[in-house]
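Q: Output the structure for:
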Amino acid sequence: MIRIEDIEEIPRLLWNETSSKEFSHVPYESRRGLLDLSTPVKLISGDDTPLLVAGLFRRSFFAVPYLWVLLTEDFKTASPAVLRALVRAVGTLAPQAETLVEIGNARAERLAKLFAFEPTAGTALIGDLEYRLYRRG
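A: Here you go, the predicted model:
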């Protein structure tokens, strides 16, 4: 049902609107750097359909890693069974992690909560977008 593959490059897929918007703010050199610093980077598919690319970025060896996720357009059509399996798969990839969610993006906030992340008081400004820090574990 769920297939997880290690990848070295982000594949050309049809990304959802939020992922496209956020990734467009990251210059190519920074994307390459993010991939180089993220271990592991995974392509997660459900029922043979790519649903997301996820990676863990560590600021330092002892720091809690950041989980970053790019959702495909097919993510929104995944069945409830596939979504439950996907939540478990991401949970094993990053049992303790932090992530950033664009402030005011209700869909992204719900997604973070689906994956068991809770908001904190921390914020970050990346480009012209403001994000809230979410933590799990």
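Q: Now residue 133: phi and psi?
A: In terms of degrees, to the nearest 10, the main-chain angles of residue 133 are phi -80, psi 130.
Q: just checking, it touches residue 98?
A: Yes. Under the contact definition of Cβ atoms under 8 Å, residue 133 touches residue 98, with a separation of 5.9 Å. C-betas here are computed from N, CA, C, even on glycine.
Q: Those two: which is more packed in?
A: When residue 133 and residue 98 are compared on other Cβ atoms under 10 Å, the one with more neighbours turns out to be residue 98, at 20 against 16.
Q: Surely the more buried one is in a strand?
A: Yes. Counting by DSSP: H, G, I helix; E, B strand; the rest coil, residue 98 is found in a strand.
Q: per-residue pLDDT, it?
A: The model reports residue 98 with a pLDDT of 93.
Q: bridging residues for it?
A: The residues listed as beta-bridge partners of residue 98 by DSSP bridges are residue 66, residue 135.
Q: Pull the contacting residues for it.
A: For residue 98, the contact set (Cβ atoms under 8 Å, 6 or more residues apart in numbering) comprises 64-67, 133-136.
Q: Of these, which is the nearest to residue 110?
A: Within those, the smallest distance to residue 110 is 11.6 Å, found for residue 134 (Cβ to Cβ).
Q: neighbours around that closest one, how many?
A: A count of neighbours around residue 134, defined by other Cβ under 10 Å, yields 22.
Q: distance of the residue lying closest to it once chain neighbours are set aside from residue 49?
A: Nearest residue to residue 134, sequence neighbours excluded (Cβ to Cβ, 6 or more residues apart in numbering): residue 117, at 3.8 Å. Going from residue 117 to residue 49 by Cβ to Cβ, to the nearest Å gives 24 Å.
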